[in-house]
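# just coords:
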């Protein structure tokens, strides 16, 4: 089985993706991660205005069978939260790189993105 | 320690199964997805490989006496082809394991029982049975058959039609009542077919010769292959207990009365733990296993604290999930008896935050 790893974004080893758009970074989890988790039934996300730190947990995702932490790919302030996931967490399974996004973070240090994996490196990790 | 593998390990892998260690066995946890499999069982039919369950056979002139003394239910009520749910308790009435005891429909001259301990417990139970047999000087043979038999569960409203279609020798399953068993030929193999299960649906369990496992499994190719993930959500909705989780003689010792399965205890029979259970029945229990449903957002999970509305810790969640059928976060928890009535408000502590919850009568789901 092979998983999508779009090359317009970068990846955490812990399976979150980061998509830069100007000074904002949108964050979600990868196709591999949603498949490993199985049916996602719950997400717990920070509020807009909270700070998150690269490499530290920012929230929790639960499938029917498992509870997992979510790790921030960059440091910054949360500027948007995908509240649609509270009522429709299955969007993480259905469209992990699109409607299943979780946060937008105001980027405080662009160099932080250099520490993440490129799409081909991440694809090798999950192959 | 190497994991034991069910006879269909390769077949499950081909079917896209992902695997988990359960009771020392490498078992499929998921195929198409827990929700898909769960819905198939509620609405049509699913098939589970439950070959990790133990099988122990007990036969001989004193087999009935031995079974009676080591299980809480009344074994003498079983005719050939009957079965019953029972607990195995210690002297204090604490549950060591729960089991289904079958009296084999094909027994020869002496009563022959097949009981099904939970995964990885058969050595322990064979030892327990053998020691007590010798201590009581009874004439009975105790055989571990766990690796002689595969076991499949075919569950769901369409299970009867699928089992009927798979049976070759003209046996008729429609007349088989709940907890009854018959011998039938499926894919050329002699199987014990019982109307039992662990899903809250109508269904059957088949005890299959290990070498015939693949052929018998293939006779149900219209049924959705299901893993342990869906087995867990289905049994939890049905309010059925999981050994080692909802009770555990070391980590979480409870009696059948506390666990809400007092109906398995027949005090007019003689068994290990009877006197302690009689005393507890007279005094009443201090705590009970109840259903809880979260009102706030969150999912109860094994080990989470339960508090009263003042924040005092009063109990522990033993099982929990997001119910696929009800679309509600549900769980089982032990709480003090005065907080065990339905509609009592409680809190479940999820990652240090108390979430509003309410006691619900079991089962959560009934067909």
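Yes, it's here. Quantities reported herein were computed from a predicted structural model and do not represent experimental measurements.
# what about stretch B:318-336, average pLDDT?
Averaging the model's pLDDT scores along stretch B:318-336 yields 98.
# For chain B, what lies in contact range of chain A?
B:29-30, B:33-35, B:229, B:232-233, B:297-299, B:301, B:321-322, B:324, B:329, B:351 (Cβ under 8 Å from any Cβ of the partner chain). Using the backbone N, CA and C atoms, a C-beta is placed for each residue, glycine as well.
# Whatever residue of chain B ends up closest to chain A: neighbour count?
Distances between chain B and chain A by Cβ to the nearest Cβ are smallest at residue B:322, namely 3.8 Å. A count of nearby residues for residue B:322, using other Cβ atoms under 10 Å in any protein chain shown, gives 25.
# secondary structure class for the spatially most central residue of chain A?
Compute the mean C-alpha point of chain A, and by Cα atoms, centre = their mean the closest residue is residue A:28, 2.3 Å away. At residue A:28 the chain is in strand, as set by DSSP: H, G, I helix; E, B strand; the rest coil.
# Just give the closest residue to it, not the sequence neighbours.
In this structure, residue A:28 finds its nearest non-sequential neighbour in residue A:101, 4.3 Å apart by Cβ to Cβ, 6 or more residues apart in numbering or on different chains.
# so what's that neighbour up against?
A:26, A:27, A:28, A:82 (Cβ atoms under 8 Å, 6 or more residues apart in numbering or on different chains).
# Tell me if I'm right that the last one and residue A:103 touch.
Yes - under the contact definition of Cβ atoms under 8 Å, residue A:82 touches residue A:103, with a separation of 7.2 Å.
# Between the two, point out the one with more neighbours.
Higher neighbour count among residue A:82 and residue A:103: residue A:103, with 26 against 20, using other Cβ under 10 Å.
# How much space separates that one from residue A:126?
For residue A:103, the distance to residue A:126 (Cβ to Cβ, to the nearest Å) stands at 22 Å.
# And residue B:264, by the same measure?
Applying Cβ to Cβ, the value for residue B:264 to residue A:126 is 47 Å.
# Residues that sit against both of residue A:82 and residue A:103, list them.
Residues touching both residue A:82 and residue A:103 (Cβ under 8 Å, 6+ apart): residue A:45.
# Go through the helix or strand containing residue B:133 and flag the buried ones.
Using DSSP states H and E, residue B:133 sits in helix B:122-136. By neighbour count on 16 or more other Cβ atoms under 10 Å in any protein chain shown, the buried set for helix B:122-136 is B:122, B:125, B:126, B:128, B:129, B:132, B:133.
# Then stretch B:51-66?
Result for stretch B:51-66 [16+ other Cβ under 10 Å]: buried residues B:51-60, B:62-66.
# next one: that stretch to chain centre, how far?
With Cα atoms, centre = their mean, to the nearest Å as the basis, stretch B:51-66 stands 17 Å off its chain's centre.
# Residue 119 - how many residues pack around it?
Since no chain was named, I'll use chain A. So residue A:119, with other Cβ under 10 Å, has 17 neighbours.
# try chain B instead
20.
# pLDDT at it, what is it?
So residue B:119 comes in at 96 (pLDDT).
# Tell me if it really is in a strand.
No - counting by three-state DSSP, residue B:119 is not part of a strand but coil.
# what's the helix or strand for whatever residue of chain A ends up closest to chain B?
Using Cβ to the nearest Cβ, residue A:41 is the residue of chain A that sits closest to chain B, at 3.8 Å. Per DSSP H and E, residue A:41 falls inside strand A:40-44.
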